[in-house]
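*Asks:* next input, structure requested:
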Amino acid sequence: MKKFRRIALSLVTAVSLLAILVVPVAAANPTVSITVTAEVVSITNTQSTWGIGTVAASAVVYFSTDGTEDIDWSQIENTGTVAVDVEIQGTDLAGTPTWTLATSTDEDQYSLYAYNVTAVDYTTEVKSVGYNDICADLATSGTYDWSMKFTAPSSFGGTEDGTEKSGTVTLVASKYVA
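*Replies:* Residues are numbered from 1 along each chain as shown. Take a look at the predicted model:
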């Protein structure tokens, strides 16, 4: 029996020592792997210039290679990492005199409308103050084909000198929120 106690005591001691040695090794320096992607809102547009040329009063010109209607002349692409809404805004056309961007085309006022896929017509007003939606919930890597319709003033004011006028149209993307 004494021999059995010695063996049992030796075995208990060995197991205890082994447990003491194993515990610190098992819990040493655990790691957590982290991955993350930045939320990026970004778009591109295929056409960046529009040379309309000389126009008569009330002339209608479309954003295309030859000024005729082409509803998908330009293409917006979502190059970011989240779905986006895209809005549009224009400016008055600088020159002598300035042509004001307006809903109607009165003297020295021109209008600009973007093509609306839902309405199947040029119904999205491009304003100089505030923005209007051109497309919503554009998925990452998604594209949206679009165009614009320009209507010249119905008459030119007495100070019109016939020199070139210029302005811009701005497309702004924001994160889509359902």
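*Asks:* when you work out contacts or count neighbours from here on, use the C-alpha atoms and nothing else.
*Replies:* OK.
*Asks:* so where's the protein shaky on pLDDT?
*Replies:* 1-27 (pLDDT under 70).
*Asks:* just the helices in it please.
*Replies:* All helices of the chain, identified by DSSP state H, fall at 2-26.
*Asks:* let me see the ranges of the strands in it.
*Replies:* Secondary structure of the chain (DSSP state E): strands at 43-45, 60-62, 74-78, 84-90, 100-101, 109-116, 121-125, 132-138, 143-146, 148-151, 169-175.
*Asks:* now the ones you listed as TSV including distance to residue 28?
*Replies:* Formatted as TSV, these follow (distance: least, CA to CA, whole Å):
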stretch	distance to residue 28
strand 43-45	47
strand 60-62	69
strand 74-78	46
strand 84-90	45
strand 100-101	69
strand 109-116	62
strand 121-125	63
strand 132-138	48
strand 143-146	50
strand 148-151	65
strand 169-175	43
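*Asks:* ok, which of the ones you listed comes nearest residue 157?
*Replies:* With CA to CA as the measure, strand 109-116 is the member of these nearest residue 157 (9.8 Å).
*Asks:* what pairs with that closest one, parallel or antiparallel?
*Replies:* Strand pairing for strand 109-116, using DSSP bridges, gives strand 100-101 (parallel), strand 121-125 (antiparallel), strand 148-151 (antiparallel).
*Asks:* quick one on the thing from earlier: which one of the strands of the chain lies nearest to residue 31?
*Replies:* That would be strand 169-175 among the strands of the chain, by CA to CA, at 33.8 Å.
*Asks:* tally up the residues packed near residue 116, please.
*Replies:* 19 (other CA atoms under 10 Å).
*Asks:* hmm, it is touching residue 133, no?
*Replies:* No - at 9.5 Å, residue 116 does not count as touching residue 133 under the criterion of CA atoms under 8 Å.
*Asks:* need the overlap of contacts for the two.
*Replies:* residue 124 (CA atoms under 8 Å, 6 or more residues apart in numbering).
*Asks:* before we move on, back to that, would you list the strands paired with strand 109-116 in a markdown table and tack on distance to residue 74?
*Replies:* Formatted as a markdown table, these follow (distance: least, CA to CA, whole Å):
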| stretch | distance to residue 74 |
| --- | --- |
| strand 100-101 | 21 |
| strand 121-125 | 14 |
| strand 148-151 | 9 |
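*Asks:* rebuild these as JSON lines, extending it with distance to residue 37 and mean neighbour count.
*Replies:* JSON lines is the format used below for the strands paired with strand 109-116 (distance: least, CA to CA, whole Å; neighbours: other CA atoms under 10 Å):
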{"stretch": "strand 100-101", "distance to residue 37": "41", "mean neighbour count": "21"}
{"stretch": "strand 121-125", "distance to residue 37": "34", "mean neighbour count": "18"}
{"stretch": "strand 148-151", "distance to residue 37": "35", "mean neighbour count": "22"}
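*Asks:* that concludes my questions; thank you for your assistance.
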